[in-house]
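Colleague: Pasted the sequence and its predicted model underneath.
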Amino acid sequence: MLPLRRTISALRASTHERYARLRHRLHLLKYLGTRFHCPLCDRRFGRLQPSGATYTLRGVPVDHFTANSVCPQCGSGIRHRFIFTFLQQTYGVWPADLSILHFAPEPGFAEFFRGLRNVRYVGCDLQPCPERGLQQVDILDIPFPENSFDLIVCVHVLEHIRDDLRAIRELHRVLKPGGKALLAVPIYGPTTFDDPALDFEQRQLMYGIGDHMRLNGLDLQAKLTEAGFRVQVFSTDDVPGDYMDHAASSPHIESDKYLFWCVK
Ligand SMILES: [Zn+2]
């Protein structure tokens, strides 16, 4: 490219970036206030962006519309802020020299983990994703020896796995004794519904998303225990903080309400 063209192109790009930044700042004006705090971008807002979708669960359309759901700055959802707040409150001061295995890393989490002192952080995904620094890992056959990690974070992954008990056993295997796994899946009531005979379209009707293999219930705890974990279940009611509107309710909030804190 000629030098003049290169200069014009660079000027256009920087003008475009300035406009994008200005647009974003104007967009944030709508959310001014202090009622909510996003722990991931550490910003306060008077309200959050709504989220909405209609899923067909057990053959019945269910409206998941939720006010005050998405962070207007970083895009985090309620479950991300809930889980991050839980980890911050649980660890208090993060120890140095942690080894962390993180499946399908959520934006914001990965940057935070990478910034811990002397951390050995492995972000991974089933798909190769070197541009995000992720290692390709099949959760059914994790390529690490047993007793490798202090902390595993695996959020909204297991519902995609046909043989989730095998995946859970793999998570248990690669954790060090005393290590912790933070696991979360969408939860729909006390009891799991799982019919391996359903095809993609049928799963879409029953589970809302064809890629989901079941509707998990709180009885997932029994499966985690079967794999050898000591399990505590925490809900958004147990974790204080203005990362969400605790008085609000919606099918979306209900399904993302729980996390499973598993100790090897
Ligand atoms: Zn945020």
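Modeller: That came through, no problem. Numbers count the residues shown, from 1 in each chain.

Colleague: I'd like to know how many residues surround the closest residue to residue 44 other than its chain neighbours.
Modeller: Leaving out its chain neighbours, the residue that sits closest to residue 44 by Cβ to Cβ, 6 or more residues apart in numbering is residue 34, at 4.6 Å. Just so you know, the C-beta spots here come from the backbone N, C-alpha and C atoms, and that holds for glycine as well. Residue 34: 9 surrounding residues under other Cβ atoms under 10 Å.

Colleague: start the count at 12, not 1, going forward
Modeller: All right, first residue 12 from here; so that's residue 45.

Colleague: Would you confirm that residue 45 belongs to a strand?
Modeller: No. Using DSSP: H, G, I helix; E, B strand; the rest coil, the assignment for residue 45 is coil, not a strand.

Colleague: Residue 131 against residue 107, yeah?
Modeller: No. Contact criterion Cβ atoms under 8 Å: residue 131 and residue 107 do not qualify, at 11.0 Å.

Colleague: Up against the ion, what does the stretch 62-211 of the chain have?
Modeller: Residues of the stretch 62-211 of the chain lying close to the ion by Cβ under 5 Å from the ion are 82, 84, 85, 87.

Colleague: In which helix or strand does residue 99 reside?
Modeller: Here residue 99 is covered by helix 89-102, with elements defined by DSSP states H and E.

Colleague: helices or strands next to the following helix or strand past that helix in the packing?
Modeller: Once the chain leaves helix 89-102, the next helix or strand it forms, by DSSP H and E, is strand 110-114. The criterion is 3 or more Cβ pairs under 8 Å, 6 or more residues apart in numbering; DSSP states H and E, and the helices and strands that strand 110-114 contacts are helix 120-125, strand 131-136, strand 160-166.

Colleague: highest average neighbour count across these?
Modeller: strand 160-166 (a mean of 22; mean count of other Cβ atoms under 10 Å).

Colleague: neighbouring contacts of it?
Modeller: 90-91, 94, 98, 109-117, 120, 133, 150, 182, 185-187, 190-195, 270 (Cβ atoms under 8 Å, 6 or more residues apart in numbering).

Colleague: now the angle from it to helix 89-102?
Modeller: Between the axes of strand 160-166 and helix 89-102, defined by axes from the mean of the first three to the mean of the last three Cα atoms, to 10 degrees, the angle is 160 degrees.

Colleague: and the gap between the residue positioned nearest the centre of the chain and residue 78?
Modeller: For the chain, the residue nearest the mean C-alpha position is residue 166 (4.6 Å; Cα atoms, centre = their mean). Applying Cβ to Cβ, to the nearest Å, the value for residue 166 to residue 78 is 23 Å.

Colleague: In the stretch 112-261 of the chain, what residue spans correspond to helices?
Modeller: Per DSSP state H, counting those that start in this stretch, the stretch 112-261 of the chain carries helices over the ranges 120-125, 175-185, 211-218, 231-237.

Colleague: Using PDB, write out the CA atom coordinates for the first one.
Modeller: Included here for helix 120-125 are C-alpha records, laid out as PDB according to Å, rounded to 0.1, in the frame of the first residue of the first chain:
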ATOM      1  CA  PHE A 120     -12.600 -14.500  34.500                       C
ATOM      2  CA  ALA A 121      -9.600 -15.500  32.400                       C
ATOM      3  CA  GLU A 122      -8.000 -12.000  32.600                       C
ATOM      4  CA  PHE A 123      -8.500 -12.100  36.400                       C
ATOM      5  CA  PHE A 124      -7.000 -15.600  36.900                       C
ATOM      6  CA  ARG A 125      -4.100 -14.800  34.600                       C
END
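
Colleague: Identify the residues contacting that helix?
Modeller: By Cβ under 8 Å, 6+ apart, helix 120-125 touches 51, 91, 95, 111, 113, 130, 132, 134, 143, 144, 164.

Colleague: Within the helices and strands, which one has residue 39?
Modeller: helix 14-40.

Colleague: Now stretch 76-83: buried residues?
Modeller: Using 16 or more other Cβ atoms under 10 Å as the test for burial, stretch 76-83 gives 77, 79, 80, 81, 82, 83.

Colleague: quick one: contacts for the second one?
Modeller: For residue 79, the residues meeting the contact criterion (Cβ under 8 Å, 6+ apart) are 47, 58, 59, 61, 255, 256, 259.
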